[in-house]
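Participant: Sequence first, predicted model second:
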Amino acid sequence: MGDYTIIDAHAHLWLRQDTMVNGKSIRTLPNGRSWFMDEERQMLPPFMIDGKNTAEVFLSNMDYAQVSAAVITQEFIDGDQNEYLEVVARRYPDRFFVCGFCDVRRPGFLAQARGLRERGFRAIAVPGHRLFLPEGRVWLTSDEMMELFRFMEREGMILSMALADGDTQVAEMKEVIAECPRLKIAIAHFGMVTTDGWLEQIKLARNPNVMIESGGITWLFNSEFYPFRGAVEAIRTAADTVGADKLMWGSDYPRTITAITYRMSYDFVSKSDELTHEFKAAFLGMNAKNFYGFGELKKLPYIKNMSE
């Protein structure tokens with residue numbers, strides 16, 4: 001595999017899903033399933049029968065896959081996990097960097113963000129792709145949203161931003177970056193790489209404090225499936241566009257491991273003969289280590305499985 005320090009720049013944790021998005025329910029069911037808006041879906045692997053997507057289960061996966069640390073972001077579909085992630089951050093400070101969450105769909109979220117900072121959160125996740133509401137679109141450049149970004153910039157917080165398909169929200173993000181040039185931003189889902197206009201999201205990383213992470217790239221290329229040669233080609237294209245030092249690997253755990261193992265969510269990169277060793281080292285871990293400020297990381301041994 002190569003001697004890489006591996007950091008997952010996009011993962012999720014929750015104790016229970018029980019929320020509403022655009023008037024539709026998301027709630028935990030038995031055997032790793034969830035009611036997801038209008039249908040039953042396999043949200044977790046079926047052996048996670050209690051529906052709890054805990055730090056301890058993730059750490060077991062991380063240790064086996066030799067992933068030293070992970071960034072935990074948040075999404076409307078999982079509900080507010082701030083309280084649980086506070087516990088996770090205190091319990092495992094060397095393994096997890098956690099993002100706070102405030103409901104940017106409704107006015108008043110700036111006060112929530114201030115409260116998160118007081119509680120010790122160093123980042124906030126904004127699922128921008130969920131801001132197209134039945135009652136109207138929430139603009140990333142609205143007055144309160146810009147106040148949020150200015151606040152985060154002053155406080156040295158990191159913005160974890162998931163954007164809608166292609167270039168839909170790119171013009172808004174350009175305004176945000178121009179207004180808050182020192183705000184550190186991680187753009188999720190590799191720019192929604194399988195949609196038209198995805199490279200416009202990638203080009204945002206031409207700005208000094210903007211990075212791109214690949215959380216979800218394996219589900220975006222699921223129709224092609226492992227070893228995701230289209231994803232490798234997209235990674236190369238992105239590197240040619242903004243530079244290898246602007247890209248970070250992310251898994252979108254745990255949703256992706258209903259289709260593949262956790263190790264498979266990165267070893268299509270580590271095993272590829274189309275990427276250099278130096279690029280793999282930067283993409284799989286060192287870029288994230290520098291961006292998020294991880295300290296000394298745990299060195300994890302390779303454990304053979306029963307098929308070897």
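Facilitator: Okay, I see it.
Participant: Now do the host helix or strand of residue 233: which elements does it pack against?
Facilitator: Following DSSP states H and E, one finds residue 233 within helix 229-242. Counting contacts by 3 or more C-beta pairs under 8 Å, 6 or more residues apart in numbering; DSSP states H and E, helix 229-242 is packed against helix 198-202, helix 217-220, strand 247-248, helix 264-270. Using the backbone N, CA and C atoms, a C-beta is placed for each residue, glycine as well.
Participant: Switch those over to JSON lines; also include mean neighbour count.
Facilitator: Shown next, in JSON lines, are the helices and strands packed on helix 229-242 (neighbours: other C-beta atoms under 10 Å):
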{"stretch": "helix 198-202", "mean neighbour count": "22"}
{"stretch": "helix 217-220", "mean neighbour count": "24"}
{"stretch": "strand 247-248", "mean neighbour count": "27"}
{"stretch": "helix 264-270", "mean neighbour count": "22"}
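Participant: Stretch 9-17: end-to-end distance?
Facilitator: Terminal residues of stretch 9-17 are spaced 22 Å apart (C-alpha to C-alpha, to the nearest Å).
Participant: hang on, the earlier thing: show residues contacting the helix holding residue 233.
Facilitator: Contacts with helix 229-242, where a contact means C-beta atoms under 8 Å, 6 or more residues apart in numbering, come from 190-191, 193, 198-199, 202-203, 205-206, 212, 214, 217-218, 220-221, 224, 247, 268-269, 272, 274-275, 279, 283.
Participant: if we can go back for a sec, among the helices and strands packed on helix 229-242, which comes closest to residue 23?
Facilitator: Distance to residue 23, taken as C-beta to C-beta, is lowest for helix 217-220 among the helices and strands packed on helix 229-242, at 24.6 Å.
Participant: helix or strand right after the worst-scoring helix or strand of the chain on mean pLDDT?
Facilitator: When the helices and strands of the chain are scored by mean pLDDT, DSSP states H and E, strand 136-137 comes last with a mean of 92. Where DSSP H and E defines the elements, the next helix or strand beyond strand 136-137 is helix 143-155.
Participant: Neighbouring strands - and their directions - for the next helix or strand after that following helix?
Facilitator: The helix or strand immediately downstream of helix 143-155 is strand 158-162, counting by DSSP H and E. Strand 158-162 has the following strand partners under DSSP bridges: strand 123-127 (parallel), strand 184-187 (parallel).
Participant: any chance of those in JSON lines, with mean neighbour count too?
Facilitator: Converted to JSON lines, the strands paired with strand 158-162 look like this (neighbours: other C-beta under 10 Å):
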{"stretch": "strand 123-127", "mean neighbour count": "25"}
{"stretch": "strand 184-187", "mean neighbour count": "24"}
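Participant: Turn those into JSON lines, including distance to residue 64.
Facilitator: Below are the strands paired with strand 158-162 laid out as JSON lines (distance: least, C-beta to C-beta, whole Å):
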{"stretch": "strand 123-127", "distance to residue 64": "26"}
{"stretch": "strand 184-187", "distance to residue 64": "26"}
